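Chemist: let's see this in three dimensions:
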Amino acid sequence: MPLGTLDRTPPPFFRQGPSALSKLVFFSALAIFLMVADTRMQVVQPLRQALAVALLPLQRAVAVPFDVLMGGTDYLRGLAAARDGERAAQQQAALLSERAARAELLATENARLRALLELRPALAVRSLPAELLYEAADPYSRKVFIDRGLTQGVKLGAPVLSEAGVLGQVTQVYPVTAEVTLLSDKDAAIPVLNTRTQQRSAAFGAGRSGGMELRFLSGNADVKVGDLLHTSGLDGVYPPGLAVATVVAVERRVESGFARIALAPSASPDGVRQVLVLEPVGLQMPPRPEPAVPLANAKPAKTPKARPGVAAP
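Modeler: The predicted structure follows:
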């Protein structure tokens, strides 16, 4: 082929147009203009909405396989979880049935023993449901307020319980509200009974830390971490057998004659809304007998005066 017949013009791909810098400046300015126009005048908003409506069927069609796969997986997982839950519920129901039968048997045996020994039946403690309103504003105390007061029959010193155990004690009663001092308050104290050793002691609040402690126990006292402390029922306020705290730390000091025992309260006010206010046990117990008068203070009996004409006996 003769050289004069060759096309010497460059192909379209290699043809020179505007410079790269000019294109960069132009498209950058166009992008900034479109962004400003869309922000201020919502120019692209109708176009964006129309595009979203047009692409919606395509998006739904593309998402169908993924939705089917995820739905099937969730169904299988839910089915397995339901079967596991049913199995656990059946086991729990069997356990509760066994416990109920055992409790009924123990109650019957207890009633027979009490009748045999001619003991008076256990006190039926009256209760009143209440709801926590708010916490006291004093930063140095642990107190809350409930929505029951004198009008509803709340008594001063009444125990307050949650589902976990003893929460505190009513220390102030108002017409429609009452102040409850928590067991963790620095001024709170409660007699307790160690369920393992049957040893009686007193638990005191530790203040804002939210814990409790056993005081006045000797350094060689039989107390271990994990011991459960319940109410003893001998103070005339709390019924026996209510959960109070658990021993979490025991520190036996050589230089001191007493052990330092830290407790974790069984009932925490965090997350609790509904509580139960009990009537103090002392209000249902028979009255205490009057103290006997000492003989030295006893007044001599007066002898009746003899009437005229009548001989004295």
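
Chemist: and the strands in the protein?
Modeler: Using DSSP state E, the strands of the chain run over 127-135, 143-146, 159-162, 165-173, 178-182, 189-194, 200-205, 212-214, 228-231, 243-252, 259-265, 274-278.

Chemist: centre of the chain to the longest one, how far?
Modeler: How far strand 243-252 lies from its chain's middle: 19 Å, per C-alpha atoms, centre = their mean, to the nearest Å.

Chemist: wait, which of the strands of the chain is closest to residue 105?
Modeler: With C-beta to C-beta as the criterion, residue 105 lies closest to strand 228-231 of these, at 22.3 Å. (Glycine included, C-beta is placed from N, CA and C.)

Chemist: what's the closest one packed up against?
Modeler: If contacts are counted by 3 or more C-beta pairs under 8 Å, 6 or more residues apart in numbering; DSSP states H and E, strand 228-231 sits against strand 189-194, strand 243-252.

Chemist: thinking again about what came up before, can you put the strands of the chain in CSV and add mean pLDDT?
Modeler: Compiled in CSV, these are given as follows (pLDDT from 0 to 100):
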stretch, mean pLDDT
strand 127-135, 90
strand 143-146, 92
strand 159-162, 92
strand 165-173, 93
strand 178-182, 94
strand 189-194, 93
strand 200-205, 92
strand 212-214, 91
strand 228-231, 94
strand 243-252, 92
strand 259-265, 91
strand 274-278, 91
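
Chemist: can I get those in CSV with distance to residue 67?
Modeler: Shown next, in CSV, are those (distance: least, C-beta to C-beta, whole Å):
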stretch, distance to residue 67
strand 127-135, 44
strand 143-146, 49
strand 159-162, 45
strand 165-173, 48
strand 178-182, 51
strand 189-194, 58
strand 200-205, 56
strand 212-214, 54
strand 228-231, 52
strand 243-252, 49
strand 259-265, 48
strand 274-278, 42
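
Chemist: all helices for this structure, in order.
Modeler: With DSSP state H as the criterion, the chain has helices at 20-41, 45-117.

Chemist: re earlier: nearest to residue 174, out of the helices and strands packed on strand 228-231?
Modeler: With C-beta to C-beta as the measure, strand 189-194 is the member of those nearest residue 174 (23.2 Å).

Chemist: how about the closest one: buried residues?
Modeler: Neighbour-count burial for strand 189-194 flags 190, 191, 192, 193, 194 (criterion: 16 or more other C-beta atoms under 10 Å).

Chemist: and it with strand 200-205, angle?
Modeler: Counting by axes from the mean of the first three to the mean of the last three C-alpha atoms, to 10 degrees, strand 189-194 points 130 degrees away from the direction of strand 200-205.

Chemist: residue 234 touches residue 201, doesn't it?
Modeler: No. Between residue 234 and residue 201 there is no contact under C-beta atoms under 8 Å: 12.0 Å.

Chemist: any shared contact partners between those two?
Modeler: Between them, residue 234 and residue 201 have residue 191 as joint contacts when contacts are counted by C-beta atoms under 8 Å, 6 or more residues apart in numbering.
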